[in-house]
Structures are given as structure tokens and as C-alpha cells.
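S.K.: Let's see this in three dimensions:
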Amino acid sequence: MIRSMLRAVPFVACVLVAAAAAASEREAALARMREAVAARPAVPDQATTLARLAWPDGGVSDPLLASIAREELVRYGDHAIPALRERLRSGPPIFGADITSALLETRLVVTAGRPADYVPTIDDALWSGSPEAARLAMYAMRPYRFYRPSLLPMIDRGLEHPELLGVAIRNLAQFGDDRARFFLDEQMRTGPPDCRVPAANALAAIGGLALEPLRQATLADAPDLRAIAVDALLPVTTVSELATLFEYLGRHATDDAARVARVQERALHLDGLLQAHQAAEAASPARD
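M.R.: Predicted structure coming up:
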């Protein structure tokens, strides 16, 4: 056992030497960071300095310094956001995903409300970031459906990068903005196979004007398009869709039997509601 312990001594010594060297390198990097920050007394200037250390224009030459500067910048919370936004807009695109990730991490530090420039900076990540930055931004944008400017970049990035198309469609469903109906209609009709059903479901989720493409598609000549549209429209139908449902039954009664039966059941239910409402209206005393 003593021999085994003696053989382990050189290994342990090497580990200790390596750990000491790593600690020394970190201390040196921390000193360089603190020196750079100390030269800029104003907090916004300090944040800008840290952002440029973390994501330099010329690329990272000192990974340890960049990592430490990034950690420190995130601790600035909402004070870090303008500097992060500047790096998203003018820094090398290769850093886009990491800058966006750092932006999202600042929310763990900010505890009093949402900084006014937080959502617009996510929007910048959609516009100017890498595809992975755009993916992070799309997920981060979901709670902020009120932010209408993000609609166009979300569609553009989905078209530009096919791997983002499904994420964009699901986001549009949550945003509930019927201006997306033209894009979603196109994806439902001619989009990639794995995006056609989500696009139809997004139209149904948005409702209002976005239901019109579904109504039209239920009467399309293409059986696959009809099936997608009917399945998406049926759960959200009201008496306003009665004419569409009966027209579908009249034109395409030979479609899938189970689907036709669901349409017929829904149409009869809505028709019954309409007739009951009309009867109640007729029985009500006339009003001046």
C-alpha cells in the first residue's frame, strides 16, 4: 500500500501544479479585466468595455479573459443590455448566439420589472444574429406577443433558414397577429411536409381573418390540403362557418369517412344552436 501511495505522489503533485497554474492564469485575467473596467468610471462605459472584451471585433484571442468578462457583464443586469445590443448590431455574427444567451441570462439578475430595451434587443437578435441566435430569440420572444415589430423578422428568418421555419410558425400561432395569415396560408398549401399542419393550426389559433384561408382550403381540389384544413378548422368553428361546413359536405362527401362524420356532427350541432337562437329571438317581445 505504501508503494501505491508513493507512486501516486507524482500524479497528485502534477494535479496541484496544474491547478495552481490555472488559478494564477485566472487571477491574471481578472486583473486585466479589472484594469480595463477601472479606466471607465461610468457604468454604461464599463458594460461596453466588458462586452468588447467578451466578444472582440477581431475574434477571441484570450478565451479566459473573454469568459470572465462575459460572466461579469451578465452581473450588470439591465445595465448590460445596451452594450449587448451594440455587440449584436456591430459585432462579428459568429458571436450572435452567445450574446443572445447572455442577454437572456440578464433576466436572472433583473428583479424589478422588465427593462424597456430588453424586448427590442431580442428583436435585434432576430434581425442581425446568426441562425442559432435567431432560434434563441424566437423562443425568448414567445411571452411578448404584444411586440408586433418582431412579426416580419420572424417570418424572414423562417424563410431564410428552413431549420427555423417550424419555430417561426409556432411563435406566430402564439402571437395571434392575423397579418401572418398570408405567410401561414402559403406554408399550409406548399410548405415542407412537417410544417403544413402546424401552419394550419396556427391559422386556427389566430382566428378572425386568419380563418378565411382555412375556409377556402376546406373546399380545395387537393384532398391532402382539404384534410389539413378541415382538421384545423373544425375545433374552432362557430355558426359563421356553417355555410362552409355544409358546402364541404355537399362537395366532398366521399372524403375519409371518419372526417366527414365529424364535420356532419359539428354542422348539425351548430345548426341546432342557430335554430334555437332564432327561435328565442322570435319569441322575445318586440322592442321599440
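S.K.: So for the helix or strand hosting Thr49, what gets flagged as buried?
M.R.: Taking DSSP states H and E as the definition, Thr49 sits inside helix 43-54. Using 16 or more other CB atoms under 10 Å as the test for burial, helix 43-54 gives Gln46, Ala47, Thr48, Thr49, Leu50, Ala51, Arg52, Leu53, Ala54. To be clear about C-beta, it is placed using only N, CA and C from the backbone, and glycine gets the same treatment.
S.K.: which of those lies closest to Ile122?
M.R.: Nearest to Ile122 among those, counting by CB to CB, is Ala51 at 16.5 Å.
S.K.: tell me which strands and helices the helix holding Thr49 is in contact with?
M.R.: Packed against helix 43-54 by the contact rule (3 or more CB pairs under 8 Å, 6 or more residues apart in numbering; DSSP states H and E) you find helix 2-38, helix 63-74, helix 81-90.
S.K.: mind listing the helices for the stretch 151-288 of the chain?
M.R.: Defined through DSSP state H, counting those that start in this stretch, the helices belonging to the stretch 151-288 of the chain, from first to last, are 151-160, 165-175, 181-190, 193-206, 211-217, 223-233, 242-251, 257-283.
S.K.: Compare these and give me the one nearest Met141.
M.R.: Within the helices of the stretch 151-288 of the chain, the stretch nearest Met141 is helix 165-175; the backing value is 6.5 Å (CB to CB).
S.K.: contacting residues around Leu159?
M.R.: The neighbourhood of Leu159, defined by CB atoms under 8 Å, 6 or more residues apart in numbering, consists of Leu165.
S.K.: any idea how far it is from Pro198?
M.R.: Going from Leu159 to Pro198 by CB to CB, to the nearest Å gives 15 Å.
S.K.: Wait, Val197 touches Val230, no?
M.R.: No - the pair Val197 and Val230 does not pass the contact test of CB atoms under 8 Å, sitting 11.7 Å apart.
S.K.: Those two - which one has more neighbours?
M.R.: Using other CB atoms under 10 Å as the criterion, Val197 and Val230 rank with Val230 on top: 26 against 17.
S.K.: pretty sure Ala69 contacts Leu53?
M.R.: Yes - here Ala69 lies in contact with Leu53, judged by CB under 8 Å, at a distance of 3.7 Å.
S.K.: and for the two, which residues touch both?
M.R.: Each of Met33 lies in contact with both Ala69 and Leu53 under the rule CB under 8 Å, 6+ apart.
S.K.: and for Val197 and Val230, which residues touch both?
M.R.: Between them, Val197 and Val230 share no contacting residue under CB under 8 Å, 6+ apart.
S.K.: Flag the shaky bits of the stretch 51-200 of the chain, pLDDT-wise.
M.R.: The stretch 51-200 of the chain contains residues with pLDDT under 70 at 110-112, 129.
S.K.: check contacts around Leu104.
M.R.: With contact taken as CB under 8 Å, 6+ apart, Leu104 is in contact with Leu136, Ala140.
S.K.: Helix or strand for it, just tell me which one.
M.R.: Secondary-structure element containing Leu104, defined by DSSP H and E: helix 96-105.
S.K.: Same question for that helix: list its buried residues.
M.R.: Gly96, Ala97, Asp98, Ile99, Thr100, Ser101, Ala102, Leu103, Leu104, Glu105.
S.K.: and what of stretch 274-283?
M.R.: Neighbour counts over stretch 274-283 (16+ other CB under 10 Å) mark no residue as buried.
S.K.: just stretch 73-86 next, same as before
M.R.: Buried residues in stretch 73-86, defined by neighbour count with 16+ other CB under 10 Å: 73-74, 76-86.
S.K.: pull the CA atoms of that stretch into CSV?
M.R.: Extracted C-alpha coordinates of stretch 73-86, given in CSV (Å, rounded to 0.1, in the frame of the first residue of the first chain):
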residue,chain,number,x,y,z
LEU,A,73,-21.2,41.7,-17.8
VAL,A,74,-24.2,39.4,-17.1
ARG,A,75,-24.0,40.5,-13.4
TYR,A,76,-24.7,44.1,-14.6
GLY,A,77,-28.3,43.0,-15.3
ASP,A,78,-30.3,45.7,-17.1
HIS,A,79,-27.2,47.9,-17.3
ALA,A,80,-25.7,45.3,-19.6
ILE,A,81,-28.4,45.4,-22.2
PRO,A,82,-27.3,48.5,-24.3
ALA,A,83,-23.8,47.0,-24.6
LEU,A,84,-25.2,43.6,-25.6
ARG,A,85,-27.4,45.3,-28.2
GLU,A,86,-24.4,47.2,-29.6
